[in-house]
Each structure stands twice: as structure tokens, then as C-alpha cells.
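Participant: Quick one: sequence plus predicted model below, questions after.
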Amino acid sequence: MSSSYREAMDRLQESGRLRQLRPLTGRRGCRVQYQGRECLNLTSNDYLGIGGDSLLLGQFYSGMDADNLLADYGLGASSSRLLTGDTESAHTLEAALAKAYGEASPRAALLFNSGYHANIGILPALLDKNDLILSDKLNHASIHDGLQLCRATHKRFAHGDYDQLEHLLVSHRHHHERVVIVSESVFSMDGDIADLSRLVQLKKKFDTLLYLDEAHAVGLYGKKGLGKAEEQGVMADIDLLVGTFGKAFASIGAYVICHQDIREYLINRSRSLIFTTALPPVLLNWNRFVFQQQQGMTKQREHLADLARMMRQALQDQGLAATGESNIIPHIIGNDQETVQLAEKLQERGFLIFPVRPPAVPEGTARFRLSLTADMGWQDLCELPGILAKESKPRPAATGKPL
Ligand SMILES: Cc1ncc(COP(=O)(O)O)c(C=O)c1O
């Protein structure tokens with residue numbers, strides 16, 4: 001029986017698609033120890049550098065109140081929020097999120113244990129067989145998995161092709177009770193950005209709901225770091241805004257910002273919220289601490305935007321494609337094996353870059369996903385474009401293909 005798994009893994013190995021777990025053995029800011037080497041970490045989602053900031057962590061721990069150790073810093077919630085796993089800390093964090101996001105119009109916030117839990121738990125709870133979901137083809141796997149769990153019909157439009165989306169709405173809107181448009185704001189693998197004003201315009205024109213996954217935008221955009229919807233002044237138009245604590249907020253957990261009625265409905269119907277143990281108090285308090293801290297991290301946001309601009313320019317100066325519009329810069333190689341080999345070479349040169357291969361990205365677009373973080377300086381990065389130019393012949397991005 002197990003031999004069939006061994007054979008499958010041998011085939012993955014031959015095609016350059018075998019994944020393995022290899023731990024980091026140390027970390028200082030953006031530098032990590034990997035396989036006995038010190039490397040610049042270009043694979044992290046710790047975009048603001050919070051996870052590598054020992055001073056900030058020290059500040060959090062030094063604020064611990066010994067009298068409330070269990071209530072505020074306990075390590076386990078021991079049951080679902082619908083049983084005895086609900087805590088004051090969860091409600092305080094939700095109130096802070098609702099207040100920050102609700103400046104323009106009142107909003108409610110509901111926590112999930114991760115962005116993955118949120119994306120597989122929200123739409124299946126809200127929609128039934130009479131409904132329709134229209135989803136960007138390059139939306140994250142967690143959204144894709146959520147669609148599989150839905151009774152609603154779903155259709156995918158080519159990445160960023162809002163004319164196609166409009167055609168789908170013209171043809172199908174009237175056949176369905178509810179329609180939801182689903183998109184990321186910053187796309188995780190291509191680093192490009194959805195046209196939120198167009199999505200909002202379509203949502204209004206066709207009376208749909210708009211679901212926006214801001215996993216790679218929270219912490220980085222907007223005056224308060226609330227994401228692209230804040231930056232573009234459309235927060236009140238997003239019906240379901242998903243943010244995660246797992247990336248720029250250097251933690252774990254996620255939230256949806258929505259109408260109060262939707263929050264209450266999800267508490268009653270969302271299986272990935274109901275049938276799982278709640279986040280522990282210590283994490284909820286860390287999440288609240290980080291959420292407050294990051295609102296003032298304008299300098300880090302500006303520095304990161306500058307670094308991304310410089311990196312794109314330097315790649316272009318080397319004759320390389322530099323797509324993406326965020327701190328995520330894809331470097332598409334195409335062939336899986338070549339991507340794996342080049343990643344190993346770069347690791348030897350002190351750059352921790354992992355190959356990203358199908359099914360995480362469409363066939364034929366294996367790549368590096370250069371993830372810049374605010375704790376880097378240009379001196380850490382400046383040699384990389386030259387090395388990439390010397391070692392690789394990347395192909396232009398081939399986006400829009402189904403996963
Ligand atoms: C767009 C997007 N949404 C959701 C998630 C899942 O978030 P989490 O890591 O909190 O489960 C990811 C993770 O990579 C993502 O890229």
C-alpha cells in the first residue's frame with residue numbers, strides 16, 4: 001500500500017516537484033540560518049519585519065500582567081469559541097478591528113484561526129445552491145478550496161480580466177439570487193494588484209457582494225495599514241474583507257470585516273469557526289498588540305515601497321522582467337527543475353529563495369517569488385539582480401491560466 005506513495009514521490013522527485021520540510025535554525029531580523037548557512041530571507045511573509053524584531057517581542061512580554069496570566073497569556077483555549085473557548089481577549093481584538101475598519105461606516109469583525117480557515121469557512125456558510133461565485137483564476141488555493149465546499153455554482157474569470165467578469169455578470173446575474181465577486185487585493189504569487197474601483201463599480205452595477213482577500217496587503221497599505229481598500233478609500237464597499245495575522249502581522253489567525261448580521265450568521269453557520277479549537281489568549285493579545293503597533297509603522301511601509309521600486313529598477317537594468325506592483329516580485333523561470341537548481345545556487349550565495357512550482361502557480365510558470373521585507377536594506381539586496389541576470393533566462397509572466 002505505502003509503495004504507491006513512494007512511487008508517487010519518486011515521480012515528484014523526477015519532475016522537480018518534491019517538497020521537503022527543512023527547518024530554519026536561527027533568525028536575526030531578515031537573516032536566517034538555513035542548512036548551516038546564513039542567508040538573507042527572501043521567502044518570508046513577515047513584510048514589516050515584526051517577527052524578527054526581538055525588541056518588540058520583549059515589549060509585549062514585559063507588559064505581561066502576572067495577575068492575569070491565564071486569562072491574557074494562556075497557551076490554550078481548550079475548546080471552540082462556541083463552547084468555553086471564547087475569551088474577553090477575542091472580543092477586545094474584534095472590537096479593535098471593527099473600530100479601525102469602521103471609520104467610514106459601522107463594521108463588525110469576526111476572528112478565524114487562520115486565513116485558510118476564513119477562506120474555506122465564509123462562502124460555504126453564506127451561500128446556497130441558488131447562488132453564484134465569480135472568482136479570479138489566480139485567487140489563492142484557500143479560496144479555491146472554499147469554492148469546492150460551496151453548494152453555490154462557481155465560475156472563474158481570467159486573472160484581472162474585468163471585461164470578462166462583466167460579461168459573466170451580464171449573462172448570469174439574473175439566474176441567481178446572490179452573486180459574490182471574489183478577488184485578492186495583492187495577488188500572492190504575482191505581486192500585482194486588483195483594480196478595486198472597477199470591482200466596486202461592477203458590484204454596484206450588478207448588485208453583488210464583494211469578497212476581498214487582503215492577506216498580502218494588510219500592514220502594507222493605507223494610513224493605518226488596513227490594506228488596499230483603505231488606501232483606495234473603498235472600505236465601506238467591501239462586503240467581506242479578509243485579513244490575516246499570519247503575514248505582515250507575524251502571528252497566526254485571521255479576521256473578516258463585514259456587516260454585524262453577517263458576523264452573527266457566520267457564528268451560527270461557519271464550520272471552520274464552529275468545529276475547531278479557538279486561538280489561545282496569548283496569541284489574541286499578541287495580535288491586538290501588533291495590530292495597534294503596525295498602525296504607526298508608516299516609515300516601514302514607505303521604506304518597503306522604496307526597496308521594491310529599487311529592486312524592480314535594478315532587475316530592469318539587468319534586462320530582466322520585473323512585474324508585480326508590490327513588495328512581491330515574481331521572477332518566472334518556467335521549468336520546474338531549472339527553478340529548483342537555480343534556487344539551490346542562490347542559497348549557496350546566501351539568498352534564501354525557494355522554488356515555487358505548480359500547483360501553487362500555473363503549469364510552465366515555475367518561479368521565484370522574491371518577497372522583500374521592511375527590515376532589509378538596499379545593501380542586502382543590491383547584488384541579487386546581477387546574480388539573477390547571470391544565472392537565469394527568465395520568461396515573461398504567463399498569468400491567467402487555471403491552477
Ligand atoms: C491570498 C491568501 N489568502 C489566504 C492565505 C492563508 O492565510 P493563512 O496563512 O493565515 O492561513 C494565504 C496564504 O498564503 C494567501 O496567500
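Facilitator: Cool, the structure landed.
Participant: From now on I want contacts and neighbour counts done on CA atoms only, so please keep to that.
Facilitator: Noted.
Participant: Flag the shaky bits of the stretch 201-350 of the chain, pLDDT-wise.
Facilitator: The model of the stretch 201-350 of the chain has no residue with pLDDT under 70.
Participant: just the helices in it please.
Facilitator: 228-231, 260-269, 271-274, 281-295, 298-317, 336-348 (DSSP state H, counting those that start in this stretch).
Participant: Just the helices from the stretch 51-200 of the chain, written as ranges.
Facilitator: 54-62, 69-73, 88-101, 115-126, 141-148, 162-172, 196-206.
Participant: Which of the ones you listed sits closest to Glu7?
Facilitator: helix 141-148 (25.4 Å; C-alpha to C-alpha).
Participant: what does the stretch 251-400 of the chain put close to the ligand?
Facilitator: Counting by C-alpha under 6 Å from any ligand atom, the stretch 251-400 of the chain comes close to the ligand at Gly253, Ala254.
Participant: before we move on, the earlier item: out of the helices of the stretch 201-350 of the chain, the one nearest Ala104 is which?
Facilitator: Comparing those by their distance to Ala104 (C-alpha to C-alpha), the top pick is helix 228-231, with 10.0 Å.
Participant: got the CA positions of that closest one in PDB?
Facilitator: Provided in PDB are the C-alpha atoms of helix 228-231 (Å, rounded to 0.1, in the frame of the first residue of the first chain):
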ATOM      1  CA  LYS A 228      -5.600  48.300  -0.300                       C
ATOM      2  CA  ALA A 229      -9.300  49.000   0.400                       C
ATOM      3  CA  GLU A 230      -8.200  51.600   3.000                       C
ATOM      4  CA  GLU A 231      -5.600  53.100   0.700                       C
END
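Participant: hmm, who's touching that helix?
Facilitator: Ser185, Val186, Leu196, Glu214, Ala217, Val218, Tyr221, Gly222, Lys223, Lys224, Met235, Ile238 (C-alpha atoms under 8 Å, 6 or more residues apart in numbering).
Participant: which ones are touching the fourth one?
Facilitator: It refers to Glu214. With contacts defined as C-alpha under 8 Å, 6+ apart, the neighbours of Glu214 are Glu184, Ser185, Val186, Gly227, Lys228, Leu241, Val242, Gly243, Thr244.
Participant: could the helices of the stretch 51-200 of the chain be laid out in TSV, adding mean neighbour count and distance to Leu342?
Facilitator: Below are the helices of the stretch 51-200 of the chain laid out as TSV (neighbours: other C-alpha atoms under 10 Å; distance: least, C-alpha to C-alpha, whole Å):
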stretch	mean neighbour count	distance to Leu342
helix 54-62	12	32
helix 69-73	17	43
helix 88-101	19	42
helix 115-126	23	30
helix 141-148	18	25
helix 162-172	15	35
helix 196-206	16	36
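Participant: Please flag which of the contacts of helix 228-231 sit within strands.
Facilitator: Nothing among those maps onto strands, per DSSP state E.
Participant: hmm, back to that, ok, of the contacts of Glu214, which one's closest to Gln337?
Facilitator: Using C-alpha to C-alpha, the contacts of Glu214 come closest to Gln337 at Val186, 27.6 Å.
Participant: What distance separates the opening and closing residues of stretch 83-91?
Facilitator: 15 Å (C-alpha to C-alpha, to the nearest Å).
Participant: Quick one: mean pLDDT over it.
Facilitator: Mean pLDDT, stretch 83-91: 97.
Participant: Contacts for it next, please.
Facilitator: So stretch 83-91 is contacted by 71-72, 77-81, 111, 277-278, 281, 284-285 (C-alpha under 8 Å, 6+ apart).
Participant: Quick one: name the residues of the stretch 51-200 of the chain near the ligand.
Facilitator: Ser114, Gly115, Tyr116, His140, Ser142, Glu184, Ser188.
Participant: of all of the stretch 51-200 of the chain, which residue lies closest to the ligand?
Facilitator: Gly115 (3.4 Å; C-alpha to the nearest ligand atom).
Participant: Enumerate every residue touching that residue.
Facilitator: If you count contacts by C-alpha under 8 Å, 6+ apart, Gly115 has them with Ser142, Ala215, Val242, Gly243, Thr244, Phe245, Gly246, Gly253, Ala254, Tyr255.
Participant: secondary structure class for the residue of the stretch 301-403 of the chain found nearest the ligand?
Facilitator: At 10.0 Å from the ligand, Ala360 is the closest residue in the stretch 301-403 of the chain, using C-alpha to the nearest ligand atom. The three-state label given to Ala360 by DSSP: H, G, I helix; E, B strand; the rest coil is coil.
Participant: Domain-wise, how is this structure divided?
Facilitator: 23-48+298-391, 66-295 (automatic domain parsing).
Participant: follow-up on the earlier one: in terms of mean pLDDT, which of the helices of the stretch 51-200 of the chain ranks lowest?
Facilitator: Among these, helix 69-73 scores lowest, with a mean of 92.
Participant: list the helices and strands it packs on?
Facilitator: helix 281-295 (3 or more C-alpha pairs under 8 Å, 6 or more residues apart in numbering; DSSP states H and E).
Participant: okay, the angle between the helix it packs on and helix 54-62?
Facilitator: Here helix 281-295 points in a direction 130 degrees away from that of helix 54-62 (axes from the mean of the first three to the mean of the last three C-alpha atoms, to 10 degrees).
Participant: how far out from the middle of the chain is helix 281-295?
Facilitator: Centroid separation between helix 281-295 and its chain, computed with C-alpha atoms, centre = their mean, to the nearest Å, is 18 Å.
Participant: which of the contacts of stretch 83-91 are buried?
Facilitator: Ala71, Asp72, Ala77, Ser79, Ser80, Arg81, Leu111, Thr277, Ala278, Pro281, Leu284, Asn285 (16 or more other C-alpha atoms under 10 Å).
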